[in-house]
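*Asks:* Just need the structure, nothing else, for what follows:
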Amino acid sequence: MGTRQRPTERSLAQQAFALRDRHSAGCIRLRHDALRWSSELTPSALSRSYTIELLYRLGEHPKVRLLKPVIDGRLGESLPHVFRDGTLCLYKEGEWSSSMLLADTVVPWTAEWLLFYELWIPGGEWYGGGEWPPARELGGPG
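*Replies:* The predicted structure is shown next:
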């Protein structure tokens, strides 16, 4: 019986190439210890465009921040699934690992989050599931 190998962590260069391949309009800044990617996302044909920034440091969870437009909560409610540092809560603990490509996971999850936000504004129901507030540290996975 063979042993299962643990999936290997993707390098920052691999992450950058995948982002460039799937989202060529985005801007990538790559350093030896971190990748910063910004791009416009339009979650649906009826949605407005959003500018987001993804920061990923090896050994840490990726963090996504909405740069523009500035979005607000509903009257008397704060934005759901957003950490105190302004980063989006996109997935539960254990749903993302460094063996996964950001372009195939975190970027589509961000587009979904934006769509769920647009649906939440008129009716107040968050269709994205998850747990909020999360049972973990600030800025971790959401």
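
*Asks:* And the top helix by length along the chain, what's buried?
*Replies:* Longest among the helix segments of the chain by residue count, using DSSP state H, is helix 106-123. With burial defined by 16 or more other C-beta atoms under 10 Å, the residues of helix 106-123 counted as buried are 106-107, 109-111, 113-120. Where you see a C-beta, it was placed from the backbone N, CA and C, and this is true even at glycine.

*Asks:* and residue 119, how far is that from residue 38?
*Replies:* As judged by C-beta to C-beta, to the nearest Å, residue 119 and residue 38 stand 24 Å apart.

*Asks:* Residue 53 too?
*Replies:* Counting by C-beta to C-beta, the gap from residue 53 to residue 38 is 4 Å.

*Asks:* okay, and the common contacts of these two?
*Replies:* Common neighbours of residue 53 and residue 38 (criterion: C-beta atoms under 8 Å, 6 or more residues apart in numbering): residue 67.

*Asks:* which ones are touching residue 132?
*Replies:* 80-81, 89, 126, 142.

*Asks:* Now the phi/psi pair for residue 63, please.
*Replies:* phi -120, psi 130 (degrees, to the nearest 10).

*Asks:* hang on, isn't it packed against residue 37?
*Replies:* No - Residue 63 is beyond contact range of residue 37, at 11.3 Å (criterion: C-beta atoms under 8 Å).

*Asks:* more neighbours, those two?
*Replies:* Per other C-beta atoms under 10 Å, whichever of residue 63 and residue 37 has more neighbours is residue 37, with 25 against 20.

*Asks:* From residue 44, how far off is that one?
*Replies:* 21 Å.

*Asks:* same deal with residue 17?
*Replies:* Computed with C-beta to C-beta, the distance linking residue 17 and residue 44 is 27 Å.

*Asks:* more crowded one of these two?
*Replies:* The residue with more neighbours, out of residue 17 and residue 44, is residue 17; 16 against 11, by other C-beta under 10 Å.
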